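Q: from the sequence below, what's the structure:
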Amino acid sequence: MANPTEDILKIKRALQKAIDNGISQDILDILNQLAKVTATQDMLRKTDIGKTLGKLRTNENVQISQKAKDIVKKWKDDVVLSTKAKATTAGSSKPSTTSSSTTSNTTMSPSSNTTSRRTSATSSPKTPTTESGPPRTVKSDDVKFDSTGSGPRDKTIELMYSAVGLGSYADSVLLLKRAKAIENAVYIDFGGVNDGYKNKVRSLALNLKNKGNPGLRESVVSGELPVVKLCTMSVEDMASEESKARDRKLAEEALFNARGAGSAQAETDMFICGKCKGRKCTYFQMQTRSADEPMTTFVTCVICGNHWKFC
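A: Numbers count the residues shown, from 1 in each chain. Down below sits the predicted model:
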């Protein structure tokens, strides 16, 4: 491709259009096209297409969600391999450089060597690129920030940095900005470092570090989810889409199994099962919403056990 980044941006726009229109086949066709792309860290950073794919991992269409997950995994592997290849190339070129400068190096004192290494390390913060590598921390990324004047608050910033940085390709400057904003929002909300502050920090850290909920981290880092809103969300609100779908299913199962007053089942042939097309069904009604709303009817197919509801 003449301009890989521009081509990916065009594909991204086409993908977003297909998503907006809800055309599953178009989405799958575009995902199959993206699966053939070899990702680089530069491409992911410039196009931000990972954010779009991240949302598709929780799509209700199983084929789409699985394909998106496969592509994200492949691209992470691509970036890791690319990083290792660069490291190997750099390592293989070191002997010739070292040999040509042996004389000058021997004249340098140990202290000057140490100073040189330290200066190099602090002047270029690292940006690890994969969850499989070491966790991203303030220390591992060589990140420096001005102290708040409070030890616990500084520790919270470090904790939030590692939480939002889990598996992220984002620059360390952006991660630090988000971490400081989260800590500051919690501090202001609770008016100091108290029990409420500590409990909220603990809850945020656990949810952000949840490997099964990458969408939450990605939306915070990208800015799609404002920090102020994140800090007011409940544990249920922060849960992944998979967890929310599972909870809804469990709640629905509980409603079908509920047997309160007035919920006795009756057998009828006026419903057709969408699964086996049989007409032998039982049903009961229950008030699941406000009193001025119609009752919900729960139907179970006697033949195959399939059940559904309607109002």
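
Q: strands of the chain, start to end?
A: Along the chain, the stretches classed as strands by DSSP state E are 266-268, 281-286, 296-301, 307-310.

Q: centre of the chain versus the last one, how much separation?
A: Spelled out, that is strand 307-310. Remark: strand 307-310 is offset 33 Å from the chain centroid, using C-alpha atoms, centre = their mean, to the nearest Å.

Q: restricting to C-alpha, output that strand in PDB.
A: Extracted as PDB, the C-alpha positions of strand 307-310 are listed here (Å, rounded to 0.1, in the frame of the first residue of the first chain):
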ATOM      1  CA  HIS A 307     -38.900 -19.600  27.000                       C
ATOM      2  CA  TRP A 308     -39.600 -16.000  26.200                       C
ATOM      3  CA  LYS A 309     -41.400 -13.000  27.500                       C
ATOM      4  CA  PHE A 310     -43.400 -10.100  26.200                       C
END
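
Q: tabulate the strands of the chain (TSV), appending mean pLDDT and distance to residue 14.
A: (Glycine included, C-beta is placed from N, CA and C.) Below are the strands of the chain laid out as TSV (pLDDT from 0 to 100; distance: least, C-beta to C-beta, whole Å):
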stretch	mean pLDDT	distance to residue 14
strand 266-268	75	48
strand 281-286	81	44
strand 296-301	83	40
strand 307-310	79	36
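
Q: any chance of those strands in JSON lines, with mean neighbour count and distance to residue 40 too?
A: Shown next, in JSON lines, are the strands of the chain (neighbours: other C-beta atoms under 10 Å; distance: least, C-beta to C-beta, whole Å):
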{"stretch": "strand 266-268", "mean neighbour count": "10", "distance to residue 40": "61"}
{"stretch": "strand 281-286", "mean neighbour count": "18", "distance to residue 40": "55"}
{"stretch": "strand 296-301", "mean neighbour count": "18", "distance to residue 40": "52"}
{"stretch": "strand 307-310", "mean neighbour count": "16", "distance to residue 40": "47"}
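
Q: closest to residue 143 out of those strands?
A: Of all the strands of the chain, strand 307-310 sits nearest to residue 143, with 51.7 Å by C-beta to C-beta.

Q: list the residues that contact the residue nearest in space to the middle of the chain.
A: By C-alpha atoms, centre = their mean, the mean C-alpha position of the chain lies nearest to residue 214, the distance being 1.8 Å. Contacts for residue 214 (C-beta atoms under 8 Å, 6 or more residues apart in numbering) come out as 54, 57, 167.

Q: can you do 7 Å?
A: By C-beta atoms under 7 Å, 6 or more residues apart in numbering, residue 214 lies in contact with 54, 167.

Q: state the pLDDT value of it.
A: Among the per-residue scores, residue 214 holds a pLDDT of 82.

Q: try the one 3 residues further on
A: Among the per-residue scores, residue 217 shows a pLDDT of 84.
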